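Chemist: Okay, sequence plus prediction incoming.
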Amino acid sequence: MEKVKYILASLVFAALLMSFIPSSDKKEIGTLTLQFNHLFNNEPLVFGKEYKNAHGEKLTVKTLNYFVSNIKITYKDGREYVVPQDSSYFLIRQSDAASKKIQLNNLPKGKCKSVSFMIGVDSARNTMDVSKRTGTLDVAGIAKGMYWAWNSGYIFLKFEGKSSVIPDSLSNNFYYHIGGFGGFKSSTINNIRTKTFDFPKPVSVRKNSPVVTINVDMAKLFQHKTDILLFKNSNVMWGELSVKISENYVAGFDLGNIDY
């Protein structure tokens with residue numbers, strides 16, 4: 001009898017213990033992949049290839065880098081899933097094909113209706129101690145060249161190239177380094193931009209990841225809300241004009257093909 005009581009007590013204890021262990025049932029977990037596709041006037045963006053902007057200025061591109069962060073998935077039933085902060089910063093580089101593909105793992109399964117993300121790095125992470133800015137945000141590693149030491153903040157988008165309309169004295173180079181998170185102790189420019197994409201029909205988050213393509217057309221940088229001319233403004237790294245440039249290029253992010 002005592003042995004039976006001992007077995008029953010052990011079973012109850014085991015059941016209670018299991019109730020506190022998070023489920024690792026992989027049937028409830030899915031993935032979603034975001035694929036970034038770079039364009040210029042709806043043509044594939046290729047370094048060194050000559051393009052013409054909306055003002056007839058010819059140019060070639062040599063650098064395109066930008067941060068994507070704070071990704072959020074919204075489901076058809078109203079649930080929201082925010083990718084954990086420490087896993088939600090990505091540096092997209094045209095020169096690195098692998099960086100243009102973001103696979104989001106361990107997502108709750110279900111039908112999602114939209115995805116949103118920041119283009120840039122949020123103010124909280126910009127001002128955290130350097131020990132908290134690791135991985136993609138490591139300014140001595142992956143993020144090298146994407147941080148202003150003089151201004152203590154990340155460069156959200158870096159777009160560089162050459163154009164014959166820019167004087168030889170400037171080596172025909174243009175530089176657009178856009179950052180600014182709103183300031184720490186005092187208010188400054190804020191070029192953090194957020195995009196939300198509503199899917200034409202719900203996307204199933206499942207084991208075999210569907211792919212959502214985001215097209216990024218950099219021709220928009222030169223004309224959307226504000227005309228940006230290379231021969232007038234070939235070097236922009238701060239100030240109100242950088243705000244206008246960020247308002248332009250965010251319009252270049254558009255929903256492309258979805259591999260359902």
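Modeler: On my side now, so go ahead.
Chemist: can you map out the strands along the stretch 1-150 of the chain?
Modeler: 29-40, 43-44, 51-52, 58-75, 80-82, 89-93, 101-108, 110-119, 147-148 (DSSP state E, counting those that start in this stretch).
Chemist: The ones you listed into TSV, with extra columns for distance to residue 236 and mean pLDDT?
Modeler: To be clear about C-beta, it is placed using only N, CA and C from the backbone, and glycine gets the same treatment. Shown next, in TSV, are the strands of the stretch 1-150 of the chain (distance: least, Cβ to Cβ, whole Å; pLDDT from 0 to 100):
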stretch	distance to residue 236	mean pLDDT
strand 29-40	18	96
strand 43-44	24	98
strand 51-52	19	98
strand 58-75	14	98
strand 80-82	32	97
strand 89-93	20	98
strand 101-108	27	96
strand 110-119	16	97
strand 147-148	13	94
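Chemist: will you turn those into CSV that also has distance to residue 203 and mean neighbour count?
Modeler: Shown next, in CSV, are these (distance: least, Cβ to Cβ, whole Å; neighbours: other Cβ atoms under 10 Å):
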stretch, distance to residue 203, mean neighbour count
strand 29-40, 7, 19
strand 43-44, 25, 10
strand 51-52, 32, 16
strand 58-75, 9, 20
strand 80-82, 13, 14
strand 89-93, 19, 21
strand 101-108, 11, 15
strand 110-119, 5, 20
strand 147-148, 34, 18
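Chemist: out of those, nearest to residue 205?
Modeler: Comparison of those against residue 205 by Cβ to Cβ identifies strand 29-40 as nearest, at 3.8 Å.
Chemist: Would you mind getting the angle between that closest one and strand 101-108?
Modeler: 150 degrees (axes from the mean of the first three to the mean of the last three Cα atoms, to 10 degrees).
Chemist: Summarise which helices and strands strand 29-40 is packed against.
Modeler: When contacts are defined as 3 or more Cβ pairs under 8 Å, 6 or more residues apart in numbering; DSSP states H and E, strand 29-40 packs onto strand 58-75, strand 101-108, strand 110-119, strand 193-205, strand 211-217.
Chemist: how about 7 Å then?
Modeler: Packing contacts for strand 29-40, counted by 3 or more Cβ pairs under 7 Å, 6 or more residues apart in numbering; DSSP states H and E, involve strand 101-108, strand 211-217.
Chemist: how about JSON lines for those, with distance to residue 120 added?
Modeler: Output for those, formatted as JSON lines (distance: least, Cβ to Cβ, whole Å):
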{"stretch": "strand 101-108", "distance to residue 120": "15"}
{"stretch": "strand 211-217", "distance to residue 120": "14"}
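Chemist: ok so, going back, which one of the strands of the stretch 1-150 of the chain lies nearest to residue 200?
Modeler: So among those, strand 110-119 is nearest, using Cβ to Cβ, at 9.9 Å.
Chemist: Output the below-cut-off pLDDT ranges for the stretch 151-260 of the chain.
Modeler: 151 (pLDDT under 70).
Chemist: could you redo the last one with a cut-off of 90?
Modeler: Counting by pLDDT under 90, the ranges of the stretch 151-260 of the chain that qualify are 151-152, 183-188, 207-209, 260.
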